[in-house]
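[1] Okay, structure incoming, though there's no sequence with it:
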């Protein structure tokens with residue numbers, strides 16, 4: 001189990017020192033180099049800040065999460081929300 005309920009959304013502003021940390025970060029079981037491991041190493045040498053926000057997070061790495069994010073965006077967007085909501089209502093009535 002993960003040691004916290006905090007997640008990384010995937011937007012970073014890092015110093016150039018991160019590249020050296022990435023080069024020295026070992027590969028995980030899947031053979032990938034995890035950026036979060038390099039950031040943890042960077043934290044030993046310099047301050048790393050984060051921003052906690054309130055809101056929804058969608059896993060856009062999955063097809064379902066990507067679709068959820070787009071539906072939410074469409075329903076909130078000031079220029080298209082009315083038209084999109086009408087489409088969604090019409091579409092749902094056919095299910």
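    Looks like it arrived, so ask away. Everything numeric in this text was worked out from a predicted model, so none of it was measured.
[2] Contacts for the helix ranked longest in the chain next, please.
    If each helix of the chain is counted by residues according to DSSP state H, the longest one is helix 63-76. Residues from elsewhere that reach helix 63-76 (C-beta atoms under 8 Å, 6 or more residues apart in numbering): 56, 58, 59, 60, 80, 81, 84, 85, 88. All C-beta spots, glycine's among them, are computed from the backbone N, C-alpha and C.
[3] Ramachandran angles for the fifth one?
    Main-chain torsions, residue 80, degrees, to the nearest 10: phi -120, psi 0.
[4] quick one: contacts for it?
    residue 74.
[5] Check what pLDDT it gets.
    We have a pLDDT of 97 for residue 80.
[6] One more: the third one?
    Residue 59 is assigned 85 on the pLDDT scale.
[7] What is the burial count for it?
    Per other C-beta atoms under 10 Å, the neighbour tally for residue 59 reads 12.
[8] and what of the first one?
    Other residues lying near residue 56 total 7 when counted by other C-beta under 10 Å.
[9] From residue 94, how far out is it?
    Distance of residue 56 to residue 94, given as C-beta to C-beta, to the nearest Å: 27 Å.
[10] correct me, but residue 37 touches residue 18?
    No - Residue 37 is beyond contact range of residue 18, at 11.2 Å (criterion: C-beta atoms under 8 Å).
[11] Then residue 19 would be within a helix, right?
    Yes - Residue 19: assigned to a helix according to DSSP: H, G, I helix; E, B strand; the rest coil.
[12] And the pLDDT at residue 3?
    With respect to pLDDT, residue 3 has a value of 66.
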